[in-house]
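K.L.:
I'd like to go over a predicted model; first the sequence, then the structure.
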Amino acid sequence: MSNSEHGVTAIGVLALELAGGTVPARAALSSEQAGALAERVGRDLAQWVPRVRELELSLAGAHFDPAEALRPGWPLHRRLDELRARAPGRDEGPRLLAFGADAQGEVPLPFQADPALAGGNLRVLPFLLAGDADTVQEVAAALEEVLLAQGMAQADTALLAQEAFGAQIEHARYLTVHDLAAMMSMQYDNQGLAALWPVLETALLAPQSSEWLADAPEPLLRYVEGEARMALFDPAGWCAYYQHDRADCERLKRVYEQYLARQRQMAAVLEAHGVPVLYVHIEPGQDARAALDA
């Protein structure tokens, strides 16, 4: 569930698992295709939580990398909510809204996916449910209970998405954003990035808080004030901070290069999730943690 200037919303995604190595032919659906898909999304969600029918459903008819959906402030869902707020018919009962490509087939700027994050085998379509706050809260809680375990899209929904996007879809399922975050956490664990997840989780769920990654031999960083401050050591400073034996220069040179590569990997993941990275140069003898606190 999310709070916005337009009210309380329940937010989630339709996740499309693609066949290995394939890429959808189209980035966004036509308005007609997006509307047809939104109808099926609403029907599918209502089979688990009937009170979904009492709420307004908005769907982005464009697909994104999961990292784009998991960013502080939920910007994809916020853009969807802004479009919903401007759409006509707000006082005429629950609406079914879908936003896709324009009449010329161009993807509008709010829903242009980051090309640098294309190519993954999981793509997601954001949706949100809006309406009476108590109903939204009840529906959001119910979706948290059922989607992860039961949320496979019906076959005709998956087929429509496959044909409309020109994609080879192996599985289509619904997830709350918390479900999606849990899946990404497991994926990062499998990729050896488990140490970074508490930082990302703080940025997503408690962006006004702070979080440290300070477990050697990982890069030293602190999330605070909406950015990740990463300590940048020269070889001597790195050697001193991590208490390496400076006598073994050749071995340490290779380890230091591996450390820098690890920094670049973590910075790329943070930036994919919309967390800016600020490198803080640590002078020889300087207190590194105090420098990141400044």
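P.N.:
Here it is on my side, so go on. Residues are numbered from 1 along each chain as shown.

K.L.:
hey, let's count contacts and neighbours off CA atoms from now on
P.N.:
Will do.

K.L.:
list phi and psi for Gln243.
P.N.:
The phi and psi values for Gln243, taken as degrees, to the nearest 10, are phi 60, psi 50.

K.L.:
which ones are touching it?
P.N.:
Neighbouring residues of Gln243 by Cα atoms under 8 Å, 6 or more residues apart in numbering: there are none.

K.L.:
which of the helices or strands spans Leu45?
P.N.:
helix 31-48 (DSSP states H and E).

K.L.:
scratch that, Leu278 is what I was asking about
P.N.:
Following DSSP H and E, one finds Leu278 within strand 277-281.

K.L.:
who does that strand pair up with?
P.N.:
Sheet pairing of strand 277-281 (DSSP bridges) gives strand 227-232 (parallel).

K.L.:
buried residues of the partner strand, list them for me.
P.N.:
Neighbour-count burial for strand 227-232, counted by 16 or more other Cα atoms under 10 Å, picks out 227-232.

K.L.:
format these as a markdown table; extra columns: distance to Asp179 and pLDDT.
P.N.:
Below are those laid out as a markdown table (distance: Cα to Cα, whole Å; pLDDT from 0 to 100):
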| residue | distance to Asp179 | pLDDT |
| --- | --- | --- |
| Glu227 | 24 | 96 |
| Ala228 | 24 | 97 |
| Arg229 | 28 | 97 |
| Met230 | 28 | 97 |
| Ala231 | 32 | 96 |
| Leu232 | 34 | 95 |
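
K.L.:
format those residues as JSON lines; extra columns: distance to Glu56.
P.N.:
Output for those, formatted as JSON lines (distance: Cα to Cα, whole Å):
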{"residue": "Glu227", "distance to Glu56": "34"}
{"residue": "Ala228", "distance to Glu56": "36"}
{"residue": "Arg229", "distance to Glu56": "40"}
{"residue": "Met230", "distance to Glu56": "42"}
{"residue": "Ala231", "distance to Glu56": "46"}
{"residue": "Leu232", "distance to Glu56": "48"}
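
K.L.:
closest to Asp102 out of these?
P.N.:
Nearest to Asp102 among the buried residues of strand 227-232, counting by Cα to Cα, is Glu227 at 34.6 Å.

K.L.:
what bridges to the closest one?
P.N.:
For Glu227, the beta-bridge partners are Val224 (DSSP bridges).

K.L.:
that one and Arg123, how far apart?
P.N.:
Computed as Cα to Cα, to the nearest Å, the Glu227 to Arg123 distance reads 26 Å.

K.L.:
tell me how far stretch 223-230 lies from the chain's centre.
P.N.:
Chain-centre distance of stretch 223-230: 18 Å, with Cα atoms, centre = their mean, to the nearest Å.

K.L.:
dump the C-alpha coordinates for that stretch into CSV.
P.N.:
Extracted C-alpha coordinates of stretch 223-230, given in CSV (Å, rounded to 0.1, in the frame of the first residue of the first chain):
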residue,chain,number,x,y,z
TYR,A,223,22.9,5.1,2.8
VAL,A,224,21.7,8.5,4.2
GLU,A,225,19.6,11.4,3.0
GLY,A,226,18.6,9.6,-0.2
GLU,A,227,22.0,8.7,-1.4
ALA,A,228,24.7,6.0,-1.0
ARG,A,229,28.0,7.4,0.2
MET,A,230,30.8,5.0,-0.8
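
K.L.:
residues contacting that stretch, please?
P.N.:
Residues from elsewhere that reach stretch 223-230 (Cα under 8 Å, 6+ apart): 199, 203, 207-212, 219-222, 270, 275-280, 292.

K.L.:
mind redoing it with 7 Å?
P.N.:
199, 203, 207-212, 220-222, 275-280, 292 (Cα atoms under 7 Å, 6 or more residues apart in numbering).

K.L.:
in the helix holding Leu45, what counts as buried?
P.N.:
Applying a neighbour-count criterion of 16+ other Cα under 10 Å, the buried positions in helix 31-48 are 31, 33-35, 37-45, 48.
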